[in-house]
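> Structure here, sequence nowhere to be found:
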Ligand code: TXA
Ligand code: MG
């Protein structure tokens, strides 16, 4: 299959491309499109066969449910059984935006979309192309990140093409890289207490301002016990991973962390491996060998989040075998960064303070 890539420079002038994409969606096909978090691979969320095409194109395990994207708050009404009153305050505060809300689903949503769960994940993305595509399609769009299952989420149309060229009919290219850069915060509102299942751009602090209190799922920074199924099925997989092996170094001071990374670097170089270092602006001067990329300043975790996946893809392009990555404070946006980095590393963290 040929994968068409349409650049959308000007949403009004290039509306024909959105119309063509919407026509594909109505025919039960899949289309990749930009959102403010990462690129999504969308299909009609109400059509089980169309949703199956997403799972096939990505090679995604079909016990991993999808997020349903809407273009207006009112569009969630037919999709849910009930929504606690705080849901409205959340939508008011954060929609459109990188917050996915889980609610009890109605019979309208097919089991393919929710992988058989009785709940549905809902989000209104904050990106003009995504909103126009949903609106024009006239149906909610089920959309996971537009990458092959297990690899890094795409933040440019080029990344989507690298993973899915030939497997999908169309990519809408939003020109600019995705602004948030990490997938949305997933908040479960279907139980007694609100729980963050996946951290993202809407931080625990921001949610507390609206909800008063919010819990964090215990799997966010830890491997899940294989005997228990995690609340968010996507969190149990090794995920968000570049081809290179990743090892994270955590330390009580930046100097200590950099020293240990340099020790490990010497060892891996000695073994003839090609080594990448994911440093920060504050520590760059500590390193002089290997492929060195700064994730940005520790003062600006939101900017680190924006560029994280692109940096990991850079290491793959450079052909490194192993990436030695620095820990960042797991506060606010840092929590989402570490949640993804820890999974990219398959939970391999070296604590240098011990
Ligand atoms: O920012 C995003 O959320 C992007 C863009 C495209 O919107 N989408 C995205 O989708 O990251 P995906 O499929 O890569 O991740 C969806 C996550 C998975 O961890 C999945 O297990 C979880 O949300 N999820 C979906 N429905 C759920 C449900 N009913 N209950 C619990 N977790 C659910
Ligand atoms: Mg994904």
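Here it is on my side, so go on. Owing to the predicted nature of the structure, the values given are computational and were not obtained by experimental measurement. Residues are numbered from 1 along each chain as shown. Ligands and ions are numbered 1, 2, ... in the order given.
> For the chain, which residues are neighbours of ligand 1?
35, 37-38, 40, 64-67, 98, 100, 102, 114, 117, 119-121, 123, 125, 143-145, 183-184, 186, 197-198, 231-235 (CB under 6 Å from any ligand atom). Yep, even glycine has a C-beta here, placed from its N, CA and C like the rest.
> what kind of secondary structure is the spatially most central residue of the chain in?
Centroid-nearest residue in the chain: residue 183, 2.6 Å away (criterion: CA atoms, centre = their mean). Put simply, residue 183 is coil when judged by DSSP: H, G, I helix; E, B strand; the rest coil.
> what sits against it?
Residues counted as contacts of residue 183 (CB atoms under 8 Å, 6 or more residues apart in numbering) are 37-38, 98, 145, 153, 198, 200.
> Kindly recompute the last result at 7 Å.
Residues near residue 183 by CB atoms under 7 Å, 6 or more residues apart in numbering: 37-38, 145, 153, 198, 200.
> which regions of the stretch 251-354 of the chain sit below the pLDDT cut-off?
Of all residues in the stretch 251-354 of the chain, none has pLDDT under 70.
> show me where it has helices.
Ranges of helices in the stretch 251-354 of the chain, per DSSP state H, counting those that start in this stretch, are 254-270, 301-318, 333-344.
> I'd like the distance between residue 157 and residue 31.
Going from residue 157 to residue 31 by CB to CB, to the nearest Å gives 12 Å.
> The two: who's more crowded?
Shown here are residue 157 and residue 31; by other CB atoms under 10 Å, residue 31 has more neighbours (27 against 23).
> Identify the bridge partners of that one.
residue 42 (DSSP bridges).
> Pretty sure it sits against residue 44.
No: the pair residue 31 / residue 44 is not scored as a contact, 10.5 Å apart, by CB atoms under 7 Å.
> tell me, what's touching these two both at once?
Taking CB under 7 Å, 6+ apart as the contact criterion, the residues that touch both residue 31 and residue 44 are residue 25.
> returning to that earlier point: and the residue nearest to the centre of the chain, how far is that from residue 254?
Separation of residue 183 from residue 254 (CB to CB): 28 Å.
> Same question for residue 119.
Taking CB to CB, one finds residue 119 at 42 Å from residue 254.
> Between the two, which has more neighbouring residues?
Neighbour count, other CB under 10 Å: between residue 119 and residue 254, residue 119 has more, with 19 against 16.
> So what does the nearest residue to residue 108 once chain neighbours are set aside have for phi and psi?
Distance criterion CB to CB, 6 or more residues apart in numbering; nearest residue to residue 108, sequence neighbours excluded, is residue 78 at 5.4 Å. Main-chain torsions, residue 78, degrees, to the nearest 10: phi -70, psi -10.
> per-residue confidence for residue 78?
With respect to pLDDT, residue 78 has a value of 98.
> can you count the residues close to it?
There are 12 residues near residue 78, going by other CB under 10 Å.
> From residue 109, how far off is it?
Distance, residue 78 to residue 109, using CB to CB: 9 Å.
> for the stretch 101-250 of the chain, what are the low-confidence residue spans?
If you take pLDDT under 70 as the line, the stretch 101-250 of the chain has these spans: 225-230, 234-239.
> Could you find the closest non-adjacent residue to residue 145?
Leaving aside its sequence neighbours, residue 145 sits nearest to residue 153 (CB to CB, 6+ apart; 3.9 Å).
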